[in-house]
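here's my sequence, what's the structure:
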Amino acid sequence: MSSQDTVTVLIEIHATPGQERQARDSLLHAIQTSEKPGLISSTEYADLDDAGAFYAVQIWEDMDAFHAHMKDAAEGGMNEAIKVLREPPRTAVLRTIS
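Just a heads-up that it's a prediction; the model follows:
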């Protein structure tokens, strides 16, 4: 694996008002407890200007590993975790430009 193969994924979620803690906890739980072959690292953030906005920046070995994870997540009942969100999670798949 070379660094050119890796991809960075930005995940953005927005909690339904009043559900901020549950959304934050769901994000952390999902990242910390599910198996993610190909995940190199994940760092989670809270938006200082929006108490209901949370982000995760993940580094994956390659696009195939990320897509396999997303397929597994969709089949694994992600619906329960997104009940506290005001909209579906957003993702952006990024690659370093040089």
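
now the residue nearest the centre of the chain: which helix or strand?
The centre of the chain sits closest to Ile11, judged by C-alpha atoms, centre = their mean, with a distance of 4.1 Å. Per DSSP states H and E, Ile11 falls inside strand 7-14.

tell me the strands beside that strand, with direction?
Strand pairing for strand 7-14, using DSSP bridges, gives strand 53-60 (antiparallel), strand 90-94 (antiparallel).

contacts for the shortest one?
Contact partners of strand 90-94, identified using C-beta atoms under 8 Å, 6 or more residues apart in numbering, comprise 7-13, 63, 66, 70. (C-beta placed from N, C-alpha, C; glycine too.)

buried subset of those residues?
Using 16 or more other C-beta atoms under 10 Å as the burial test, those include 7-9, 11, 13, 66 as buried.

which residues are contacting the strand holding Ile11?
By C-beta under 8 Å, 6+ apart, strand 7-14 touches 23, 27, 50, 52-60, 62-63, 66, 85-87, 89-96.

export stretch 85-98 to CSV, keeping only CA atoms.
In CSV, the C-alpha atoms belonging to stretch 85-98 read as follows (Å, rounded to 0.1, in the frame of the first residue of the first chain):
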residue,chain,number,x,y,z
LEU,A,85,-30.1,12.9,13.2
ARG,A,86,-32.0,15.7,11.4
GLU,A,87,-30.7,14.5,8.0
PRO,A,88,-28.7,11.5,6.7
PRO,A,89,-25.0,11.6,7.3
ARG,A,90,-22.9,13.2,4.6
THR,A,91,-19.6,11.8,3.4
ALA,A,92,-16.9,13.2,1.2
VAL,A,93,-14.1,11.0,-0.1
LEU,A,94,-10.9,13.0,-0.4
ARG,A,95,-7.5,12.3,-1.9
THR,A,96,-4.4,14.4,-1.1
ILE,A,97,-3.3,16.6,-4.0
SER,A,98,0.3,17.2,-4.6
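
how far is it from where the chain is centred?
For stretch 85-98, the separation from the chain centroid amounts to 8 Å (computed by C-alpha atoms, centre = their mean, to the nearest Å).

what comes up buried for that stretch?
85, 89.

show me what the mean pLDDT comes to for that stretch.
Across stretch 85-98, pLDDT averages out at 87.
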